[in-house]
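Asks: Coordinates only, no sequence provided:
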Ligand SMILES: NC(=O)c1ccc[n+]([C@@H]2O[C@H](COP(=O)([O-])OP(=O)(O)OC[C@H]3O[C@@H](n4cnc5c(N)ncnc54)[C@H](OP(=O)(O)O)[C@@H]3O)[C@@H](O)[C@H]2O)c1
């Protein structure tokens, strides 16, 4: 049994990721900023026999909750094997580069970029105690600079100055972190679930979260010969 934490796990892709990890027999913390919503999600898993799940308060914009979560996991298990940095926000769209208010961009970065880094750094000492630590940073097609430069790409017009840029920054941080951890047992990858029907996009995605969470779980549980420092989706490596 491995110990896992999925942020933003009360719904959407995060919930399905937590569920799949629990189905594999791992002990899963559902990191949620709203404990009531988190407890409801856990109750649903318990009802399905997945008693190996527990809610834990984590708000990516509140350092106190991140530190407290680390202490809670440390005192119960002493380590963490899997961290899925799933929590994220889209912000108000559209986000044209010429006019999107910098405060809006800052708000998006505070969660998707700075908050994710803070969670990761706080939990790294616990991941370093694992025999095979795994970090998945949940990213997006829209993070790809290469694809954003291809006018034939289907999402070419979707240029969001806050959301896309925050995920590109997260991809870049993934490379930096993988380099920093290359002498350790920890693997870190940026994993793109693909366009998924959730509250995030008013359920306009092509696939459902039950399907797209699979690729996140795949890389959250990758073996010692698995990749690190890569940008991945269900087809394999993506262009940066
Ligand atoms: N849906 C897609 O098509 C798609 C495609 C590519 C990548 N992604 C990425 O996949 C991840 C999950 O998205 P989703 O589609 O499942 O969206 P979702 O249904 O809107 O879920 C987002 C989750 O993140 C949580 N969250 C937001 N801000 C938070 C904060 N400050 N602290 C803690 N939790 C916070 C939300 O909590 P509340 O319920 O409390 O708001 C919710 O649990 C995101 O990183 C998103 O960028 C999504």
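Replies: Sure thing, it's come through. Just so it is clear, the structure is predicted and the values come from calculations on it, not from any experiment.
Asks: from here on, contacts and neighbour counts on C-alpha atoms
Replies: Noted.
Asks: What residues sit buried inside the longest helix seen in the chain?
Replies: Longest helix in the chain by number of residues, with DSSP state H as the criterion: helix 163-180. Across helix 163-180, burial judged by 16 or more other C-alpha atoms under 10 Å covers 163-175, 177-178.
Asks: Strand partners (parallel or antiparallel) of the next helix or strand after that helix?
Replies: Later in the chain than helix 163-180, the nearest helix or strand by DSSP states H and E is strand 187-191. With DSSP bridges as the criterion, the sheet partners recorded for strand 187-191 are strand 134-138 (parallel), strand 231-233 (parallel).
Asks: quick one: the residue nearest the centre of the chain from residue 65, how far?
Replies: Compute the mean C-alpha point of the chain, and by C-alpha atoms, centre = their mean the closest residue is residue 86, 2.2 Å away. According to C-alpha to C-alpha, to the nearest Å, residue 86 and residue 65 sit 16 Å apart.
Asks: Is it correct that residue 151 falls within a helix?
Replies: No. Judged by DSSP: H, G, I helix; E, B strand; the rest coil, residue 151 forms no part of a helix; its state is coil.
Asks: Can you show me the helices along this structure?
Replies: Listed from the start of the chain, the chain has helices (DSSP H) covering 12-23, 35-47, 63-77, 102-109, 116-127, 145-148, 163-180, 209-220.
Asks: got the angle between the fifth one and strand 134-138?
Replies: Here the directions of helix 116-127 and strand 134-138 differ by 170 degrees (axes from the mean of the first three to the mean of the last three C-alpha atoms, to 10 degrees).
Asks: Report whether helix 116-127 contacts the ligand.
Replies: No. Interface with the ligand: helix 116-127 contributes nothing (C-alpha under 6 Å from any ligand atom), its closest point being 9.1 Å away.
Asks: contact partners of that helix?
Replies: The contact list for helix 116-127, computed with C-alpha atoms under 8 Å, 6 or more residues apart in numbering, reads 60, 63, 66-67, 70, 74, 78-83, 85, 133-134, 186.
Asks: Also near the ligand: which of these, exactly?
Replies: With C-alpha under 6 Å from any ligand atom as the criterion, the contacts of helix 116-127 include residue 60 near the ligand.
Asks: Please name the two of the contacts of helix 116-127 that end up farthest apart in the structure.
Replies: The most widely separated members of the contacts of helix 116-127, counting by C-alpha to C-alpha, are 63 and 186 (23.4 Å).
Asks: between those two, who's got more neighbours?
Replies: Relative neighbour count places residue 186 above the other of residue 63 and residue 186, with 23 against 15, counting by other C-alpha atoms under 10 Å.
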